[in-house]
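>>> structure for the following, please:
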Amino acid sequence: MSNNALTLLKLLLWGVCAFHVAVGAGLNLSTEEFAKMVAQGYGAGQVDWTPQFVYMLRPIGAFMLALGVIAAAAALRPLEYRPAIYAFVMLFVIRAVHRLAFSAVLVDEFGIASSRNIGNVVFFFSLAAALVVCERLASKKAAAPTS
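Okay, the predicted model is just below:
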């Protein structure tokens, strides 16, 4: 199972990488239309697309792009980049907690359905848990003496 855990860990990290690079680059290089597509993907039905809001998406995109590069490094050598893996775990847990703590804002201000929000919370907690479990199993296998 541990070898499968390492493979699954790498696949999860490549998925994290691909998402963050695609969205990060898209927010920095494309038009407002890409941002609107991302907002729809998040379930946000009502967004005030002011120039100020649109500008703030660019620094967020830069952070996402940088996170994507870190995820790529971790995907290439996960057992050497454990701190990066746990940084993503922390990020996903915080994102889930934010969605719980600010659920009224998401519903009232962005028009995100409560059911969609709960689905996102479950997704973020599940992703964080999967990263932890896979990292632990892969590390245990790597530390075990070979016979």
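>>> contacts for stretch 97-111, please.
Here stretch 97-111 makes contact (Cβ atoms under 8 Å, 6 or more residues apart in numbering) with 39, 42-47, 112-114, 117, 120-121, 124. C-beta coordinates here come from the backbone N, C-alpha and C atoms, glycine included.
>>> turn those into TSV, columns for neighbour count, distance to Lys10 and pLDDT.
Converted to TSV, those look like this (neighbours: other Cβ atoms under 10 Å; distance: Cβ to Cβ, whole Å; pLDDT from 0 to 100):
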residue	neighbour count	distance to Lys10	pLDDT
Ala39	18	30	90
Tyr42	14	26	86
Gly43	16	29	87
Ala44	16	31	87
Gly45	12	36	83
Gln46	10	38	88
Val47	16	35	89
Ile112	21	31	92
Ala113	12	33	93
Ser114	11	34	94
Asn117	20	30	94
Asn120	17	24	95
Val121	17	25	97
Phe124	19	20	97
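>>> top helix in the protein by residue count?
Determined from DSSP state H, the single longest helix within the chain is helix 114-143.
>>> tell me what that one is packed against?
helix 2-29, helix 82-101, helix 103-110 (3 or more Cβ pairs under 8 Å, 6 or more residues apart in numbering; DSSP states H and E).
>>> tell me which helix or strand comes right after the lowest-mean-pLDDT helix or strand in the chain.
Across the helices and strands of the chain, the lowest-confidence element by mean pLDDT, DSSP states H and E is helix 32-41, at a mean of 89. Using DSSP states H and E, the helix or strand that directly follows helix 32-41 along the chain is helix 51-76.
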